[in-house]
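J.: give me the fold of what follows.
(4 chains)
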Protein chains: 2
Amino acid sequence: MQDPSGAKKRLKLWLSMLRTTRNVEYVLRDRLKSEFDTTLPRFDVMAALFRSDEGMSMTRLSEQLVVSNGNVTGIVDRLEQEGRVQRVTNERDRRATLVALTDLGRAEFAKMAAAHQRWIDEMLTPLAAEDTGRMTDMFQVLRDGMQSSGMDRQRKTKSKD
Amino acid sequence: MQDPSGAKKRLKLWLSMLRTTRNVEYVLRDRLKSEFDTTLPRFDVMAALFRSDEGMSMTRLSEQLVVSNGNVTGIVDRLEQEGRVQRVTNERDRRATLVALTDLGRAEFAKMAAAHQRWIDEMLTPLAAEDTGRMTDMFQVLRDGMQSSGMDRQRKTKSKD
DNA sequence: TGTTATTATTTCAAGTCAAAACTTTTTAAG
DNA sequence: CTTAAAAAGTTTTGACTTGAAATAATAACA
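T.: Okay, the predicted model is just below:
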């Protein structure tokens, strides 16, 4: 028998996974741009802010999105220019900035999120209902495996050892 | 019952898929950098060239990798500087350039590909053997669905209708 | 009370990516 | 033959990304 360990099947799976994910991402980017004149990173930032009523600090934002702090600065800069978010300096700790959605940003995001859900729904519908849950579980298995090997990247919160 | 159409489950699946894919990509980028001083896009270009003995034109390269032609220019520029690929102008059609791996590039890529296979293997091993194939099939279902809705992005080759 | 360390954020350099404008070359029409 | 259209690449512009260095403010402590 060939490929006894299944190595080739795993490579094939990865290429398939990468291609599919990129394809979905491409559609999302494309529609966010054409329908809302925004981008996926900006959408992600707004989504995080939408979930928190009071807004978030830059650091917490970068932790939650698992991107560098310098990265968040640029994205928030643009959102601020567009009037969708607002920076407020914390007067108790003048190092910190609180970022929050403006009323405009909140209203716009509600529409974006609804559309985003529709798009995802449209793209993932071909999958049988039971496969949807099964696949989610498989991803969890993979992430657990990577985490236990220390190969994951979301361990910004310094462990206490 | 809540979520009768399964919309929430599909959103959850997408977020899980995105997170997992990014995590794998992160590991690959990280190791390509630390062990071979290269990047994923450069690896992808070398992989495409490795499969074709004669080399490829810039346009065919950008079609195959599904990235913009301007993008390929920059990546090939860097690979050329590193001495891993070579540009040869086609004398019959002086617009066209043929890009091919150098001997050095070919030798190096062989090592990179072996390591790449090991890394993938390592990360995807937690998945049961039958799930590996099953998941690959599910991705195929998704891509087929997207393609039939015209939502795929790899239709650069103008259809003849 | 003065360091010294830590924390929060921004800035910068290098690279990745897409889209659009542009150059050069080739092909097609008339 | 001359002009128009198409094709192959490159350049440019703008956005995103990381990691490192720079700023600034706060906390810790001897």
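J.: contacts only, for the residue most central in space within chain A.
T.: The residue lying closest to the centre of chain A (CA atoms, centre = their mean) is residue A:44, at 5.2 Å. By CB atoms under 8 Å, 6 or more residues apart in numbering or on different chains, the contact list for residue A:44 reads residue A:65. Using the backbone N, CA and C atoms, a C-beta is placed for each residue, glycine as well.
J.: close to DNA strand D: what parts of chain A are there?
T.: Proximity of chain A to DNA strand D (CB under 7 Å from any atom of the strand) is limited to residues A:39-42, A:66-71, A:74-75, A:78, A:92-95.
J.: pLDDT score for the residue nearest to the centre of chain A?
T.: What the model reports as pLDDT for residue A:44 is 96.
J.: could you list which of the residues of chain A next to DNA strand D belong to helices?
T.: A:40-42, A:69-71, A:74-75, A:78 (DSSP state H).
J.: could the residues you listed be laid out in CSV, adding neighbour count?
T.: Shown next, in CSV, are those (neighbours: other CB atoms under 10 Å in any protein chain shown):
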residue, neighbour count
A:40, 16
A:41, 18
A:42, 20
A:69, 11
A:70, 9
A:71, 14
A:74, 10
A:75, 20
A:78, 15
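J.: and the residues you listed, which is closest to residue B:8?
T.: Nearest to residue B:8 among these: residue A:40, at 20.3 Å, using CB to CB.
J.: element containing the nearest residue to the closest one once chain neighbours are set aside, please.
T.: Using CB to CB, 6 or more residues apart in numbering or on different chains and skipping the chain neighbours, the partner closest in space to residue A:40 is residue A:29 (5.2 Å). Counting by DSSP states H and E, the element that carries residue A:29 is helix A:7-36.
J.: return the set of buried residues in that helix.
T.: A:9-14, A:16-21, A:23-24, A:26-28, A:31-32, A:36 (16 or more other CB atoms under 10 Å in any protein chain shown).
J.: what's the answer for stretch A:76-94, then?
T.: Neighbour-count burial for stretch A:76-94 [16+ other CB under 10 Å]: A:76, A:79, A:84-86.
J.: distance between the ends of that stretch?
T.: 18 Å (CA to CA, to the nearest Å).
J.: contacts for it next, please.
T.: Stretch A:76-94 is touched from outside by A:42, A:45-46, A:49, A:55, A:57-58, A:61, A:96-102, A:104-105, A:108-109, with contacts defined as CB under 8 Å, 6+ apart.
J.: switch the cut-off to 7 Å
T.: The contact list for stretch A:76-94, computed with CB atoms under 7 Å, 6 or more residues apart in numbering or on different chains, reads A:42, A:45-46, A:49, A:58, A:96-102, A:104-105, A:108.
J.: for that stretch, the distance to its chain's centre please.
T.: 20 Å (CA atoms, centre = their mean, to the nearest Å).
J.: wouldn't residue A:101 be in contact with residue A:50 here?
T.: Yes - between residue A:101 and residue A:50 a contact is recorded at 6.3 Å, counting by CB atoms under 7 Å.
J.: list the residues that contact both of these two?
T.: residue A:109.
J.: for whichever residue of chain A sits closest to DNA strand C, give me its contacts.
T.: In chain A, no residue comes nearer to DNA strand C than residue A:70, which is 2.5 Å away by CB to the nearest atom of the strand. Residues near residue A:70 by CB under 7 Å, 6+ apart: none.
J.: where's it relative to residue A:57, distance?
T.: 15 Å (CB to CB, to the nearest Å).
J.: before we move on, what SS does residue A:83 have?
T.: coil (DSSP: H, G, I helix; E, B strand; the rest coil).
J.: with just CA atoms, put stretch A:111-124 into PDB.
T.: Output in PDB follows, covering the C-alpha atoms of stretch A:111-124 (Å, rounded to 0.1, in the frame of the first residue of the first chain):
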ATOM      1  CA  LYS A 111     -26.100  46.300   8.900                       C
ATOM      2  CA  MET A 112     -22.700  44.900   8.100                       C
ATOM      3  CA  ALA A 113     -23.100  42.000  10.600                       C
ATOM      4  CA  ALA A 114     -26.400  41.000   9.200                       C
ATOM      5  CA  ALA A 115     -25.000  40.900   5.700                       C
ATOM      6  CA  HIS A 116     -21.900  39.100   6.800                       C
ATOM      7  CA  GLN A 117     -24.100  36.400   8.400                       C
ATOM      8  CA  ARG A 118     -26.100  36.100   5.200                       C
ATOM      9  CA  TRP A 119     -22.900  35.700   3.100                       C
ATOM     10  CA  ILE A 120     -21.400  33.000   5.400                       C
ATOM     11  CA  ASP A 121     -24.700  31.300   5.400                       C
ATOM     12  CA  GLU A 122     -24.900  31.300   1.600                       C
ATOM     13  CA  MET A 123     -21.400  29.900   1.200                       C
ATOM     14  CA  LEU A 124     -21.600  27.200   3.900                       C
END
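J.: and chain B, is it touching that?
T.: Yes - under the criterion of CB under 7 Å from any CB of the partner chain, chain B is reached by stretch A:111-124 at A:117, A:120-121, A:123-124.
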